[in-house]
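Asker: would you be able to build a 3D model of this:
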Amino acid sequence: MKHVEVECYAGYRADERPVRVRLGEETLVVAEVEDRWYSPGETFFRVRVANGDRYVLRHLEAQDTWSLEAFRSGAN
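Answerer: Down below sits the predicted model:
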């Protein structure tokens, strides 16, 4: 698990979905939220970024923190 900075679209509720992920000095634009699922006190998002890589992000709601839980390269 690695803590990351996430910028979100906030619609009718706060932090509705990720739109950018900051990993170190690199900012990745989320091209698609492929899936989301909920657990008590946390929400998980599987996202695809512009270069085809996929990430699983976890948002801990009480602490308002984000972490990177999984990564899959889009390269063949």
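Asker: report all helices and strands that the lengthiest strand in the chain contacts.
Answerer: Secondary structure of the chain read by DSSP state E shows that its longest strand is strand 26-39. Using 3 or more C-beta pairs under 8 Å, 6 or more residues apart in numbering; DSSP states H and E, the elements in contact with strand 26-39 are strand 17-23, strand 42-49. Using the backbone N, CA and C atoms, a C-beta is placed for each residue, glycine as well.
Asker: which of the ones you listed is buried the deepest?
Answerer: strand 42-49 (a mean of 18; mean count of other C-beta atoms under 10 Å).
Asker: which strands border that strand, and is each parallel or antiparallel?
Answerer: When pairing is defined by DSSP bridges, strand 42-49 lines up against strand 26-39 (antiparallel), strand 54-60 (antiparallel).
Asker: turn these into TSV, including mean pLDDT.
Answerer: Output for the strands paired with strand 42-49, formatted as TSV (pLDDT from 0 to 100):
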stretch	mean pLDDT
strand 26-39	95
strand 54-60	96
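Asker: okay, those strands, which one's buried deepest?
Answerer: strand 54-60 (a mean of 18).
Asker: the residue nearest to the spatial centre of the chain: what's it in contact with?
Answerer: For the chain, the residue nearest the mean C-alpha position is residue 57 (3.9 Å; C-alpha atoms, centre = their mean). Going by C-beta atoms under 8 Å, 6 or more residues apart in numbering, residue 57 touches 4, 6, 18, 21, 44, 45, 47, 66, 67, 68, 69.
Asker: before we move on, the earlier item: any chance of the strands paired with strand 42-49 in TSV, plus distance to residue 73?
Answerer: What follows is the strands paired with strand 42-49, written out as TSV (distance: least, C-beta to C-beta, whole Å):
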stretch	distance to residue 73
strand 26-39	13
strand 54-60	8
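Asker: quick one, which of these gets closest to residue 11.
Answerer: Shortest distance between residue 11 and these, using C-beta to C-beta, is found for strand 26-39: 12.6 Å.
Asker: thanks again, I'm all set now.
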